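Enquirer: Here you go, sequence then predicted model.
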Amino acid sequence: MRFIHHPVLCNYYLTYRCNASCGFCDIWEKPSPYVTAQHVSENLRDLKKLGVRVIDFTGGEPLLHRELPVFLTLAKQLGFTTTVTTNTLLYPKNAEKLKGLIDMLHFSLDSPVAEEHNASRGVNCFNHVLESIQVAKQLGERPDILFTVHSGNMHQIEQVYREITQPNNLMLILNPIFHYNQVGAELTATDLAGLSQWGTKKQVYLNKAFITLRQNGGNHTADPLCRAASTTLVISPENKLMLPCYHLGLEAFPIDGKLFELYHSKQVKEQIALEGRHAGCEGCTVNCYFMPSFHVELSKYLWHSLPSTLKYAWEKGTWKSALR
Ligand code: SF4
Ligand code: SF4
């Protein structure tokens, strides 16, 4: 039974450009413009009218956009919860300008070993992560470490927890890897069993529903769990609404200052009705869309997802903004 019928999240791609070239991502290969302030302003206004609560300013590397602090300020003024994930290369330089504007700030880290993290990211950024943690803490920010878990770094979770997140009083977000468009991977059954044990640790976020989803073979087109298009608006750097999600990206409708009307149009409704039902949706585990999908209707996935969500909200204090 569905109890939330409006979109709750916007994945706002500020640019596809990136100063890293991670092996599990192909975004950085795409040519891309940067979004304009006018489009962001128009779209945030309409996202508010549509009932969206969380804006994820993403990319590519979102800190490559010089106007990110302006966008975040506007989003905060409109009452949105904001989130940004960065590879940290540009964070120390921009930290002052971003202070207080990001509710959920994530620093990506793939390994506690500098050479391995740098190899994974295609650029030397390990030291930037460590520096960014200290810079953020000095400014009173509480970033999270976002650790994308794959078979090759499963064994390093303990070291990241012991040597990096716990000494710095940070949340460790364990993000199971997914695959799409020939990039990424999936975890084995053994990996999933090992990973599950981390969910109960202090200051560790691991969404059990992500594990359950994988154990059940991901999304199934005959009876989809995915609610990507009806929970999440994806806006491209070209100012288009992408449907049903970024990763499948079958349709892209120009927004032209009319996001609210576009979202309620017949053509978009037709796409929403097909969420999770396309051939490419079989087996899908793309975390970004399943997180909101789990939270709009009653199912075992909601009950598997809620404890980690509440744990995060409690430890980070984001429950306060959820009550607003
Ligand atoms: S830093 Fe992010 S956007 Fe850039 S290549 Fe890596 S995963 Fe992709
Ligand atoms: S199942 Fe996956 S690929 Fe299909 S619409 Fe949902 S998120 Fe996109």
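Expert: Sure thing, it's come through. Ligands and ions are numbered 1, 2, ... in the order given.
Enquirer: next one: phi and psi at the residue lying closest to P254 once chain neighbours are set aside?
Expert: Using Cβ to Cβ, 6 or more residues apart in numbering and skipping residues adjacent in sequence, the residue nearest P254 is K240, 5.6 Å away. For the C-beta atoms, the positions are set from N, CA and C on the backbone; glycine is no exception. Backbone torsions for K240, taken as degrees, to the nearest 10, come to phi -120, psi 150.
Enquirer: residues in contact with K240?
Expert: Counting by Cβ atoms under 8 Å, 6 or more residues apart in numbering, K240 touches A252, F253, P254, I255.
Enquirer: Starting from L109, give me the distance back to V54.
Expert: V54 is 23 Å from L109, where distance means Cβ to Cβ, to the nearest Å.
Enquirer: E158 too?
Expert: For E158 relative to L109 (Cβ to Cβ), the value is 14 Å.
Enquirer: And G218, by the same measure?
Expert: Between G218 and L109 the distance is 26 Å, computed by Cβ to Cβ.
Enquirer: Of those two, which one has the most company?
Expert: Neighbour tally, G218 and L109, criterion other Cβ atoms under 10 Å: the higher count belongs to L109, 27 against 19.
Enquirer: which residue ranges form the strands in the protein?
Expert: 9-15, 54-59, 81-86, 104-108, 144-149, 171-176, 179-180, 183-184, 204-205, 232-235, 240-243, 251-254 (DSSP state E).
Enquirer: Stretch 51-62 near ligand 1 anywhere?
Expert: Yes. Using Cβ under 6 Å from any ligand atom, stretch 51-62 reaches ligand 1 at G59, G60, E61.
Enquirer: could these go into JSON lines alongside pLDDT?
Expert: Converted to JSON lines, those look like this (pLDDT from 0 to 100):
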{"residue": "G59", "pLDDT": "94"}
{"residue": "G60", "pLDDT": "94"}
{"residue": "E61", "pLDDT": "98"}
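Enquirer: quick one: which of those residues has the most company?
Expert: Result: G59 is most packed of these (other Cβ under 10 Å), 27 neighbours.
Enquirer: pretty sure that residue is touching T15, no?
Expert: Yes. Contact criterion Cβ atoms under 8 Å: G59 and T15 qualify, at 5.3 Å.
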